[in-house]
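>>> Quick one, fold the following:
(2 chains)
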Amino acid sequence: GDSVTQTEGPVTVSESESLIINCTYSATSIAYPNLFWYVRYPGEGLQLLLKVITAGQKGSSRGFEATYNKETTSFHLQKASVQESDSAVYYCALGEGGIFFGDGTQLVVKP
Amino acid sequence: EAAVTQSPRNKVTVTGGNVTLSCRQTNSHNYMYWYRQDTGHGLRLIHYSYGAGNLQIGDVPDGYKATRTTQEDFFLLLELASPSQTSLYFCASRDWGDTQYFGPGTRLLVL
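The predicted structure follows:
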């Protein structure tokens, strides 16, 4: 079936360090899935961080980037230099319409 | 700004009780979704709808009914609540670019 596996949290990094949260997917019922990263900041609702709908392309937002790699079925989230305000729970998701979510990765950025 | 609201925000009921969760969107989106999220896990799709009067079954529909009365309103019904349905419930609407907009969630406790 369709599924998403992402880095198990919590992930703790120091401010200004680089970050990668791994995400791999299996899309058996969707030929060309859209890929998403959603984020939930403390005290806020779940919101879209970035999305990519075409394989090979890169999405970016708020300094985060992710590249849709169909060959490795991956959509890793990266940031060169994290800030304390990036502390949140990040969800990788795939789908077309209704979407499949990973279990989420809590990111803790230490000052 | 487009919005998705949910009510109630918290609900406690007993086993066998009858619960209705409400969702309203002012996004003018056709698609609406109901998800549940259990601690440490991602969101799982219960039901969704692409318009008033329409209902589609999601991945974890057992024990749940849903009804879409208007474009704005989507209800989730638990007619015989069980402790296994204790969870955090999210409603969402989706735009044509496949981005989902989430409500703040409803915490349901079934004793």
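>>> So residue B:18 versus chain A, what's the distance?
According to Cβ to the nearest Cβ, to the nearest Å, residue B:18 stands 26 Å off from chain A. Yep, even glycine has a C-beta here, placed from its N, CA and C like the rest.
>>> Count the residues that sit near that residue.
Counted with other Cβ atoms under 10 Å in any protein chain shown, the neighbours of residue B:18 add up to 10.
>>> Tell me where the model's unsure across the chain.
Answering for chain A, as no chain was given. A:97-98 (pLDDT under 70).
>>> ah, I was thinking of chain B
B:1-2.
>>> which stretches of it form strands?
B:4-7, B:10-13, B:19-25, B:31-37, B:43-49, B:56-57, B:65-68, B:73-78, B:87-94, B:100-102, B:106-110 (DSSP state E).
>>> ok, and which of the ones you listed has the densest surroundings?
Of all the strands of chain B, strand B:31-37 has the most neighbours on average by mean count of other Cβ atoms under 10 Å in any protein chain shown, namely a mean of 25.
>>> Partner strands of that one and their direction?
Counting by DSSP bridges, the strands paired with strand B:31-37 are strand B:43-49 (antiparallel), strand B:87-94 (antiparallel).
>>> mind putting those in CSV, distance to residue A:2 included?
Below are the strands paired with strand B:31-37 laid out as CSV (distance: least, Cβ to Cβ, whole Å):
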stretch, distance to residue A:2
strand B:43-49, 11
strand B:87-94, 17
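>>> and residue A:83, how many neighbours?
By other Cβ under 10 Å, neighbour count at residue A:83 equals 13.
>>> beta partners of the residue nearest to residue A:61 when sequence neighbours are not counted?
What sits nearest to residue A:61 in space, not counting adjacent residues and going by Cβ to Cβ, 6 or more residues apart in numbering or on different chains, is residue A:50, at 4.2 Å. Per DSSP bridges, the residues bridged to residue A:50 are residue A:37.
>>> For chain A, what's the nearest residue on chain B?
residue B:42 (3.4 Å; Cβ to the nearest Cβ).
>>> rewinding a little: please name the residues that touch the residue nearest to residue A:61.
A:36, A:37, A:59, A:60, A:61, A:64, A:65, A:66 (Cβ atoms under 8 Å, 6 or more residues apart in numbering or on different chains).
>>> mind checking how far the residue of chain B closest to chain A is from residue A:95?
With the distance defined as Cβ to Cβ, to the nearest Å, residue B:42 ends up 12 Å from residue A:95.
>>> what's the answer for residue B:66, then?
Taking Cβ to Cβ as the measure, residue B:66 and residue A:95 are separated by 19 Å.
>>> show me the residues around the closest residue to chain B within chain A that make contact.
The nearest approach of chain A to chain B comes at residue A:101, 3.4 Å away (Cβ to the nearest Cβ). For residue A:101, the contacting residues are A:4, A:38, A:91, A:92, A:93, B:35, B:42, B:43, B:44, by Cβ under 8 Å, 6+ apart.
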